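Colleague: just a sequence and a predicted model for now, questions to come.
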Number of protein chains: 2
Amino acid sequence: MARAAAKKTPTRIQRQKTRAILDAALEVFSQHGFRGATLDQIADAAGLSKPNLLYYFEGKEAIHRTLLHRLLDTWLDPLRQLDPAGEPLREIRAYLLRKLEMSRDYPRESRLFANEMLQGAPRISDEIQGELKALVDEKAQVIRGWVEAGRLAPVDPYHLIFSIWATTQHYADFEVQVRGILGAGADGHFHDAARFLTQLYTGGLKPPAAGARRRP
Amino acid sequence: MARAAAKKTPTRIQRQKTRAILDAALEVFSQHGFRGATLDQIADAAGLSKPNLLYYFEGKEAIHRTLLHRLLDTWLDPLRQLDPAGEPLREIRAYLLRKLEMSRDYPRESRLFANEMLQGAPRISDEIQGELKALVDEKAQVIRGWVEAGRLAPVDPYHLIFSIWATTQHYADFEVQVRGILGAGADGHFHDAARFLTQLYTGGLKPPAAGARRRP
DNA sequence: AGTCGCTTTGACCATTTGGTAAAAACCACG
DNA sequence: CGTGGTTTTTACCAAATGGTCAAAGCGACT
């Protein structure tokens, strides 16, 4: 009994099917949430029969858990790259843009994560209070350092990070709303979002001084 | 057969039970999503039996639909109050704070809405492209006017609104994450959030000019 | 007190859904 | 080409779930 659980070198077919299943599951889970998704849907999307699906994974939970674990790593990458040695504003802007790109390129992952958070993170609360918190604490320290050195306006590092998460992930998680309001037009809105957010974080909304309009 | 559907004046009991049901349903739907919620859970939370529950509502969908419809109205109120005659920055800040308060005081509503968006808004896509879009278009026009009058930095009105939604609702929708990172301490973080967001939208992150630290 | 209409209950159903068992089909490798 | 392990399928379950129905209970008003 090989049963995917085994740690032996996986067969070509095993790797192949496992990937297909995870991809299908990501699609389904991210759209319907854990309970809303059914094994039949996933099996169908993966092009397998339900029992066949269960040959590769222990059960529904196992698939979901696997997805979530893999996701967290990718998800935190942009923040990991925040360079303490870099120029503060530039670093933050770069981080923001990386996150925005992730929302554009991996909306399903974003929604999977959002779903889990909404339900109270019953399946990854450990990672949140562990891995995630550790990284955020570390980077918050970096930002605090910048503030104390007078290289950044005196802001709360944690809420700064939250706001970046919120604004960027919004474009993936609330995509229907965004499209519904902007019109179903091409995805050009990601470009506009990048421009807007850059300006917001850099300069705020204060109007340019009265006499100085057009070219500073 | 009275069946709550009837438009006649509702009985005292009818009003009372209907309220209890909707409140219970809000609790359950907002935490588990539409498919994740069960009639038994809702009936239980409302203190009724399942058949009794179904005496007041046509079915699961009907309850959900009712909640969503009522919600939308409350939800858009803060934006409706944005006053075209007010001072731009002050108006936007006030709007932001109103939204933040809603996240603090009505997190369940926020999550219900978020859940629906995540699933692709299958049950309120009409309202989004209708009522909601109309209001947003109107207020975006107001903001655009402020920009053109040079009373506000030249920003995209739509993305400005999106960012306000995102940052404020984040505190309700991702509450577990926020608490997990900040520590389960008192809800003081809403105060900090208000302070941070005010600063972000007003002045951005640029550090104060070198010589000018402490008192402008 | 009696009665008519609103409210509640208990017993049931049909479907859906996560999951299992065992046989059949397949495939790589000697 | 046969054989041992890997995959896949067919046939089933038991539990959960949305929903129905008819009978019983209750309450307000005459």
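Modeller: Looks like it came in fine. Because the structure is a prediction, the values reported are computed rather than measured.

Colleague: list the helices and strands the helix or strand hosting A:His32 packs on?
Modeller: Taking DSSP states H and E as the criterion, the element that holds A:His32 is helix A:12-36. Taking 3 or more C-beta pairs under 8 Å, 6 or more residues apart in numbering or on different chains; DSSP states H and E as contact, the helices and strands that helix A:12-36 lies on are helix A:39-46, helix A:50-56, helix A:60-80, helix A:107-118, helix B:12-36, helix B:107-118. (Glycine included, C-beta is placed from N, CA and C.)

Colleague: which positions in the longest one come out as buried?
Modeller: Put plainly, it is helix B:12-36. Of the residues in helix B:12-36, those buried by neighbour count under the rule 16 or more other C-beta atoms under 10 Å in any protein chain shown are B:14, B:17-18, B:20-22, B:24-36.

Colleague: what does the shortest one give?
Modeller: By neighbour count, and taking 16+ other C-beta under 10 Å as the criterion, the buried residues in helix A:50-56 are A:53-54, A:56.

Colleague: so which of those is the closest to B:Tyr158?
Modeller: Using C-beta to C-beta, the shortest approach to B:Tyr158 within the buried residues of helix A:50-56 belongs to A:Leu53, at 41.9 Å.

Colleague: next one: the closest residue to that closest one other than its chain neighbours from B:Arg179, what distance?
Modeller: Using C-beta to C-beta, 6 or more residues apart in numbering or on different chains and skipping residues adjacent in sequence, the residue nearest A:Leu53 is A:Ala43, 4.3 Å away. A:Ala43 sits 36 Å away from B:Arg179, going by C-beta to C-beta, to the nearest Å.

Colleague: what about A:Arg111, distance to B:Leu200?
Modeller: The gap separating A:Arg111 from B:Leu200 is 25 Å, by C-beta to C-beta.

Colleague: distance between the helix or strand of chain A with the lowest mean pLDDT and the chain's centre?
Modeller: Between all helices and strands in chain A, the lowest mean by mean pLDDT, DSSP states H and E belongs to helix A:125-127, at a mean of 85. In terms of C-alpha atoms, centre = their mean, to the nearest Å, the centre of helix A:125-127 is set 16 Å apart from its chain centre.

Colleague: which outside residues touch whichever helix or strand comes after that helix?
Modeller: Using DSSP H and E, the helix or strand that follows helix A:125-127 towards the C-terminus is helix A:133-148. For helix A:133-148, contacts defined as C-beta atoms under 8 Å, 6 or more residues apart in numbering or on different chains pick out A:76, A:79-80, A:82, A:84, A:88, A:92, A:152-155, A:157-158, A:160-161, B:180-181.

Colleague: so A:Leu39 sits against A:Lys50, correct?
Modeller: Yes - under the criterion of C-beta atoms under 8 Å, A:Leu39 lies in contact with A:Lys50, with a separation of 5.3 Å.

Colleague: domain ranges for chain A?
Modeller: Chain A is divided into the following domains under automatic domain parsing: A:12-57, A:68-204.

Colleague: among those, which comes closest to DNA strand C?
Modeller: Taking C-beta to the nearest atom of the strand, domain A:12-57 is the member of the domains of chain A nearest to DNA strand C, at 3.6 Å.

Colleague: can you give me the end-to-end distance of that closest one?
Modeller: One end of domain A:12-57 to the other measures 16 Å (C-alpha to C-alpha, to the nearest Å).

Colleague: that one near DNA strand D at all?
Modeller: Yes - with C-beta under 7 Å from any atom of the strand as the measure, domain A:12-57 is seen reaching DNA strand D through A:13-14, A:17, A:48-49, A:51-52, A:55.

Colleague: need the pLDDT of the residue at minimal distance from the centre of chain A.
Modeller: When C-alpha atoms, centre = their mean is applied to chain A, the residue found nearest the centroid is A:Ser110 (4.2 Å). In this prediction, A:Ser110 carries a pLDDT score of 98.
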